[in-house]
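Visitor: What would the 3D arrangement of this be:
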Amino acid sequence: MKCIYEEDTDDKIKLFIKINKLLPRDLKIDSPTMITKDFIDKRLYNLEANLG
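Guide: As a prediction, the model looks like this:
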């Protein structure tokens with residue numbers, strides 16, 4: 001997943017939102033109003049583990 005390796009936080013958030021929109025409903029990630037880089041990293045690692 002490219003998003004995991006993205007360093008710029010704004011770009012990481014944009015990629016995360018795009019990925020989340022493409023996911024089936026049961027895999028969509030509920031995100032808080034304030035999204036942090038740490039939040040995205042943790043959720044993407046969990047998603048990768050679930051898909052792998």
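Visitor: Any regions of the chain where pLDDT drops low?
Guide: Along the chain, segments meeting pLDDT under 70 span 1-4, 6.
Visitor: which residue ranges form the helices in it?
Guide: 2-5, 9-22, 37-51 (DSSP state H).
Visitor: any chance of those helices in TSV, with mean neighbour count and distance to Ser31 too?
Guide: Heads up, the C-betas are built off the backbone N, CA and C, glycines and all. Shown next, in TSV, are those (neighbours: other Cβ atoms under 10 Å; distance: least, Cβ to Cβ, whole Å):
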stretch	mean neighbour count	distance to Ser31
helix 2-5	13	13
helix 9-22	15	7
helix 37-51	14	7
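Visitor: Switch those helices over to TSV; also include distance to Asp30.
Guide: Shown next, in TSV, are the helices of the chain (distance: least, Cβ to Cβ, whole Å):
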stretch	distance to Asp30
helix 2-5	17
helix 9-22	9
helix 37-51	9
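Visitor: Show me how far stretch 10-21 is from its chain's centre.
Guide: Here stretch 10-21 is found 6 Å from its chain centre; the criterion is Cα atoms, centre = their mean, to the nearest Å.
Visitor: With stretch 37-49 instead?
Guide: 6 Å.
Visitor: For the residue nearest the centre of the chain, which non-adjacent residue is closest in space?
Guide: In the chain, the C-alpha nearest the mean C-alpha coordinate belongs to Phe16, at 3.8 Å (Cα atoms, centre = their mean). Spatial nearest neighbour of Phe16, excluding adjacent residues (Cβ to Cβ, 6 or more residues apart in numbering): Ile40 at 4.7 Å.
Visitor: try Lys37
Guide: Using Cβ to Cβ, 6+ apart, the closest residue to Lys37 is Thr9 (4.9 Å).
Visitor: Could you measure from that neighbour over to Leu22?
Guide: Thr9 sits 21 Å away from Leu22, going by Cβ to Cβ, to the nearest Å.
Visitor: And Leu51, by the same measure?
Guide: Taken as Cβ to Cβ, the span from Leu51 to Leu22 is 12 Å.
Visitor: and what of Tyr45?
Guide: 18 Å.
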